[in-house]
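Q: make a model of this:
(chains A and B)
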Amino acid sequence: MTLDQLDRGQRATVVAVDWASLAPEDAKRLRAMGLDEGASVSLAHRGMFGGADPLAVTVGRMTVALRRAHAAAMQVERA
Amino acid sequence: MSRQRTAALVGNPNAGKSALFNALTGARQKIANYPGVTVERKAGRLILPSGEPVELIDLPGSYSFDAASPDEEVTRKVVHGEFEGEALPEVLVLVLDAANLEQHLVFAQEVIALDRPTVVALNMVDLAERDGLTLDPAALSQALGVPVIPTVAVRRRGLDELAAAIARAGDRGADEGGAGEAARARQDMTLPERRLAARHMARAAVRSETARRRLHAGLDKVLLHPWLGVPILFALLFVMFQAVFAWATPFADGLEAGVAAVSEWVVAAFPGGFLRDLVTEGVLAGVGSVVVFLPQIVILFAFILVMEASGYMARAAYIMDRLMARVGLSGKSFIPLLSSFACAIPGIMATRSIADPQDRLTTILVAPLMTCSARLPVYALIIAAVIPNTTVGPGVGLQGLVLFALYVAGIFGAMAAALLLRRTVAQGAASGFIMEMPRYQMPRLRDLAIGLWQRAWVFLRRAGTIIFVATIALWVLLTFPKADPGESQVEASFAGTIATGVHAVVEPIGFNREMALALVPAMAAREVAVSSLATTYAVASEDEEQTAMALEEEVAARWSLPTALAFLAWFVFAPQCLSTIAVARRETNGWKWPMFMVGYLFALAYVFAGATYWIAVAAGL
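A: Numbers count the residues shown, from 1 in each chain, chains lettered A, B, ... in the order given. Take a look at the predicted model:
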């Protein structure tokens, strides 16, 4: 499953990222924030007005806001 | 050796660098721009325990030396000694968020690999403790190979120790001050290796960790709620605009009385003549009429600074992302646009954090539509003059409501413009939105006070320079040539002739001659419109031998409601600020985009002011 499919509050580990599907700048930014293979993550918040965008993901002790398209590029395994 | 000692603060965004900078340097700060790039250079003086001063610079926060944005590029160049005109800092003060070590240690390793004299400030250890984390600075120091000083910038804890460590690192110098072996070992590491090392070091530095529920998770549950988040944000903004009016009144009245008292004293103490008129009608009426808006501007900035310092601003970006995506922007554009409510100049400069060039260009082009604090004097004057001070509901004043509506008009204008621009001149793929959301923090009074003082000072300096000069120039143009008996002074003056020309253009949209006259010097800065009106009416009332009325009463007596509303609509859109045009030129590297911006904004202003006037007339207002 991918990161955007997690239930809220669920912990998981990123196992693979489809970097090619992301804009190079976005990929760089996500990596710099620690969102890459091996990161332990959880989905903290999802969307506004019942929509699916954006998401808030915790990485370690940091919370990162991103779009669903970014999260969909990340394969995760539930912890 | 009397050479100036230097040190630089480096670290991730949200590591508490600015608070640490404030704590170390106090009010002894200088803010300038780096030449060639519009990244702020914040420098201040830190006093070492020996009494020796060190020039401390606060470098922009970075996630990596592999720079993604222009401000990160500045940090990279400065610490590598590649920035022209900026000496290589003797000591690097690496600021880490104690509660976020695993992330911050990744960039920290890049800094330490430089093998420069380095001191680590393990900042915000109190917040880490609040989150249930107890840390071991000695273990971290051993792992990194450089001294580690626990600090709490906002409580001034650890500052003396940090200053002493900076002095020691500086004394040891470039050869021994770095991490040596530990640094060289890190030089060829890849990012995944650094990340793994960071994880190990962070774990080793944690003495104990309890799974205490973090405060901010609870706050986020409410503030980022899918349905409640937006109403909460809008309620907050609404309170902000109400406060700008309600809280400022007593202070503004006090300032106004002060200006009037000085003016009366000048009239009583000096013989009448050219110089006295210049001071009372020109300087005091003009500059004084702008200075009285200082309390409102300070209140507006206070709200924005509190939102930034508390960590709520990033949440606001998150909340707004979906709406911004509709017009082809991202939540990232919300922060520059919200800053533009205070002033478009820092707003346009804040667009540097937007990586996508088309996104950034669009944000720059629409930023002047956000109602900046310079419009506030104009809005406040006209609203107070023509909108009755009644309440339309519990705690909701009609005047505040109109002000809110003007802000909303600016926002909708900006959104519509962004939508069009993204489909025409700034086409490109939809942009991404990736942003760290910092932990919530109680804003510190001291940091707020420093921030407010800097903003207030910029405003007063403008009042003392641009507005002062524009006002005096206008007064001279209004006073000469002298009118013949029975002729109106304003009509006869040079300014009157100019106004006739401008008036021909703006008459169709309902503007009167004084407004036409005010628009010309207001090109320099919007608030000059107020001082221009004040000076014009001061000259006119002397001429008509009226008792000088307060500017507000003059406007109330002389302007029709449709005319006043059209003037308000004009200022929602008109790009009347030379500084904004200049900063847009600098940020877009040329005249093409600023000229485009000026053109489309004037066109919008003309159309909307005209529409407002004719609709109001048709409605019988």
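
Q: and the helices in the stretch 251-400 of chain B?
A: Counting by DSSP state H, counting those that start in this stretch, the stretch 251-400 of chain B has helices at residues B:274-277, B:285-291, B:294-310, B:312-326, B:334-339, B:344-350, B:357-366, B:375-386, B:398-423.

Q: Throw those helices into JSON lines and include mean pLDDT, mean neighbour count and distance to chain A, thanks.
A: Backbone N, C-alpha and C define where each C-beta goes, glycine included. Supplementary listing: these in JSON lines, determined by pLDDT from 0 to 100; neighbours: other Cβ atoms under 10 Å in any protein chain shown; distance: least, Cβ to the nearest Cβ, whole Å:
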{"stretch": "helix B:274-277", "mean pLDDT": "82", "mean neighbour count": "12", "distance to chain A": "58"}
{"stretch": "helix B:285-291", "mean pLDDT": "73", "mean neighbour count": "25", "distance to chain A": "39"}
{"stretch": "helix B:294-310", "mean pLDDT": "84", "mean neighbour count": "20", "distance to chain A": "15"}
{"stretch": "helix B:312-326", "mean pLDDT": "89", "mean neighbour count": "22", "distance to chain A": "5"}
{"stretch": "helix B:334-339", "mean pLDDT": "82", "mean neighbour count": "24", "distance to chain A": "11"}
{"stretch": "helix B:344-350", "mean pLDDT": "78", "mean neighbour count": "23", "distance to chain A": "17"}
{"stretch": "helix B:357-366", "mean pLDDT": "90", "mean neighbour count": "24", "distance to chain A": "10"}
{"stretch": "helix B:375-386", "mean pLDDT": "88", "mean neighbour count": "23", "distance to chain A": "29"}
{"stretch": "helix B:398-423", "mean pLDDT": "89", "mean neighbour count": "19", "distance to chain A": "16"}
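
Q: quick one, which of those helices gets closest to B:Arg446.
A: Taking Cβ to Cβ, helix B:294-310 is the member of these nearest to B:Arg446, at 10.8 Å.

Q: tell me the pLDDT of the closest residue to chain B within chain A.
A: The minimum distance from chain A to chain B, using Cβ to the nearest Cβ, falls at A:Ala32 (3.6 Å). We have a pLDDT of 81 for A:Ala32.

Q: now do the one 4 residues further on
A: A:Asp36 carries a pLDDT score of 85 in this model.

Q: relative to B:Tyr537, how far out is the closest residue to it other than its chain neighbours?
A: Once flanking residues are discounted, A:Asp36 sits nearest to A:Val17: 5.9 Å by Cβ to Cβ, 6 or more residues apart in numbering or on different chains. Computed with Cβ to Cβ, to the nearest Å, the distance linking A:Val17 and B:Tyr537 is 66 Å.

Q: which helix or strand contains the closest residue to chain A within the stretch 501-621 of chain B?
A: Ranking the residues of the stretch 501-621 of chain B by distance to chain A (Cβ to the nearest Cβ) places B:Glu587 first, at 18.5 Å. Secondary structure here is read from DSSP states H and E; on that basis B:Glu587 sits in helix B:578-588.

Q: show me what the helix or strand following that helix is packed against.
A: Past helix B:578-588, further along toward the C-terminus, the next helix or strand under DSSP H and E is helix B:592-618. In terms of contacts (3 or more Cβ pairs under 8 Å, 6 or more residues apart in numbering or on different chains; DSSP states H and E), helix B:592-618 is packed against helix B:357-366, helix B:398-423, helix B:561-573, helix B:578-588.

Q: residues in contact with the first one?
A: Residues outside helix B:357-366 that contact it (Cβ atoms under 8 Å, 6 or more residues apart in numbering or on different chains) are B:328-330, B:332-333, B:336-337, B:348, B:351-352, B:354, B:414-415, B:417-418, B:421-422, B:426-428, B:431, B:584, B:587-588, B:593, B:596-597, B:600.

Q: tell me which parts of chain B are close to chain A?
A: Counting by Cβ under 8 Å from any Cβ of the partner chain, the positions of chain B adjacent to chain A are B:63-64, B:66, B:68, B:99-100, B:102-103, B:106-107, B:131, B:191-192, B:195-196, B:216-217, B:220, B:224, B:226-227, B:229-230, B:314, B:317-319, B:321-322, B:325, B:331, B:355-356, B:429, B:432-437.

Q: pLDDT score for the residue positioned nearest the centre of chain A?
A: With the centre of chain A defined as its mean C-alpha position, the nearest residue by Cα atoms, centre = their mean is A:Ala71, 4.0 Å away. In this model, A:Ala71 is scored at 92, pLDDT.

Q: and B:Gln576, by the same measure?
A: The predicted structure lists B:Gln576 with a pLDDT of 83.

Q: returning to what we had before: more neighbours, A:Val17 and B:Tyr537?
A: Between A:Val17 and B:Tyr537, counting by other Cβ atoms under 10 Å in any protein chain shown, B:Tyr537 is the more crowded of the two (26 against 22).

Q: thinking again about what came up before, for the helix holding B:Glu587, give me every contacting residue.
A: Residues external to helix B:578-588 that are found in contact with it (Cβ under 8 Å, 6+ apart): B:38, B:344-345, B:348-349, B:351-352, B:361, B:364-365, B:367-368, B:523-525, B:575, B:591, B:593-594, B:597-598.

Q: who's in contact with the residue of chain A positioned farthest from its centre?
A: In chain A, the residue that sits farthest from the middle, by Cα atoms, centre = their mean, is A:Phe49; the gap is 20.0 Å. Contacts of A:Phe49 were listed using Cβ under 8 Å, 6+ apart, and they are B:226-227, B:230, B:322.

Q: scan those and report the most crowded one.
A: Neighbour counts for those peak at B:Arg322, which has 21 neighbours (criterion: other Cβ under 10 Å).

Q: next, count neighbours for the nearest residue to it once chain neighbours are set aside.
A: Distances taken as Cβ to Cβ, 6+ apart put A:Met48 closest to B:Arg322, at 4.8 Å, once the chain neighbours are dropped. By the measure other Cβ under 10 Å, the count of residues near A:Met48 is 22.

Q: how close does B:Pro575 get to B:Gly599?
A: With distances defined as Cβ to Cβ, the gap from B:Pro575 to B:Gly599 amounts to 9 Å.

Q: how about the residues of chain A near chain B?
A: With Cβ under 8 Å from any Cβ as the criterion, chain A meets chain B at residues A:22-23, A:25-26, A:28-34, A:36-38, A:44-51, A:53-54, A:56, A:59-67, A:69-70.

Q: quick check: B:Ile354 touching B:Phe334?
A: No - no contact is recorded between B:Ile354 and B:Phe334 when judged using Cβ atoms under 8 Å, the distance being 10.7 Å.

Q: returning to what we had before: so the residue farthest from the centre of chain A belongs to a strand, correct?
A: No - counting by DSSP: H, G, I helix; E, B strand; the rest coil, one finds A:Phe49 to be coil, located in no strand.

Q: got the phi and psi for it?
A: Main-chain dihedrals, A:Phe49, degrees, to the nearest 10: phi 60, psi 40.

Q: kindly report the same for the one 10 residues further on.
A: Geometry field for A:Val59 lists phi and psi as phi -120, psi 110, criterion degrees, to the nearest 10.

Q: ok, and the closest non-adjacent residue to it?
A: Excluding its sequence neighbours, the residue lying closest to A:Val59 (Cβ to Cβ, 6+ apart) is A:Gly34, at 4.9 Å.
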